[in-house]
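# Okay, sequence plus prediction incoming.
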Amino acid sequence: MVAFKFDPIDIIFSAGGAVAAMMILHFVHVQAQAQGFTTMCPPLGAVAVLVFALPAAPASKPISVAAGFLFGSIAVWGIYTAVGENFLKDFGGTRALLVGGAIAAMKITDTVHPPVGAYAVLMADVPAIKALGPKYILFPGLAGALVLVAVSVVTNQIKAAMTSKVKKA
């Protein structure tokens, strides 16, 4: 049976914070595009879910988000550079190695952040991501995730302050 939870403050800050963060991310993305970079990719939607809806989860900690993207992306770029896109092509070998490499890098650094697995798949499947070359390590994943983390830290601090005031009243 599904249990419904209605905590207005939590819902407002979780959903509202994500909306505000995605709007800020879009603004940053437009500015970055003018410089030839991007800060927007689908896995960032999953990042928003984690940092706004589950901020206490280990995978939502700012260090896990940032370092997960950094170390996972370094591993992915290194593996992709070494094996290319046709490794065991009939079995999806490149994609599999990239996801496995991202997981290994995050496990080694204790910074597991699930959206990095999706980010690894982008390197295997999306020509525009492949074309980024080594910029893939920083853009769009890490740069976009840092924007979301910054907004979530502020939003979650405001939410905590409001929640403690409501409990005291």
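That came in fine, so what should we check first?

# contacts, neighbours, all on C-alpha from now
Fine.

# so which strand or helix has the residue nearest in space to the middle of the chain?
Taking C-alpha atoms, centre = their mean, the centroid of the chain lies closest to V47, which sits 4.0 Å from it. With secondary structure defined by DSSP states H and E, V47 is part of helix 43-48.

# Give me the buried positions along that helix.
For helix 43-48, a neighbour-count test (16 or more other C-alpha atoms under 10 Å) marks 43-44, 47-48 as buried.

# shouldn't A48 be in contact with A150?
No: with the criterion set as C-alpha atoms under 8 Å, A48 and A150 do not qualify as a contacting pair; they are 11.2 Å apart.

# elements contacting the top helix by length along the chain?
Counting residues, the longest helix in the chain under DSSP state H turns out to be helix 141-168. Using 3 or more C-alpha pairs under 8 Å, 6 or more residues apart in numbering; DSSP states H and E as the contact criterion, the neighbours of helix 141-168 among helices and strands are helix 8-33, helix 43-48, helix 62-83.

# mind putting the ones you listed in TSV, distance to V126 included?
Written out in TSV, the entries for the helices and strands packed on helix 141-168 read as follows (distance: least, C-alpha to C-alpha, whole Å):
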stretch	distance to V126
helix 8-33	18
helix 43-48	13
helix 62-83	13
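
# Of the ones you listed, which stretch is the most buried?
Mean neighbours per residue, mean count of other C-alpha atoms under 10 Å, is largest over the helices and strands packed on helix 141-168 for helix 62-83, with a mean of 22.

# For that one, which outside residues touch it?
Under the contact criterion C-alpha atoms under 8 Å, 6 or more residues apart in numbering, helix 62-83 has outside partners 47, 58-59, 94, 97-99, 101-106, 109-113, 116, 120, 123-124, 134, 136-138, 141-142, 145-146, 149.

# Which ChimeraX command selects the buried ones in these?
Buried residues within the contacts of helix 62-83, by 16+ other C-alpha under 10 Å, are selected in ChimeraX with:
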select :47,58,59,94,97,98,99,101,102,103,104,105,106,111,112,113,116,120,123,124,136,137,138,141,142,145,146,149
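
# Can you list the low-confidence ranges for the protein?
Within the chain, the stretches falling below the threshold (pLDDT under 70) are 165-169.
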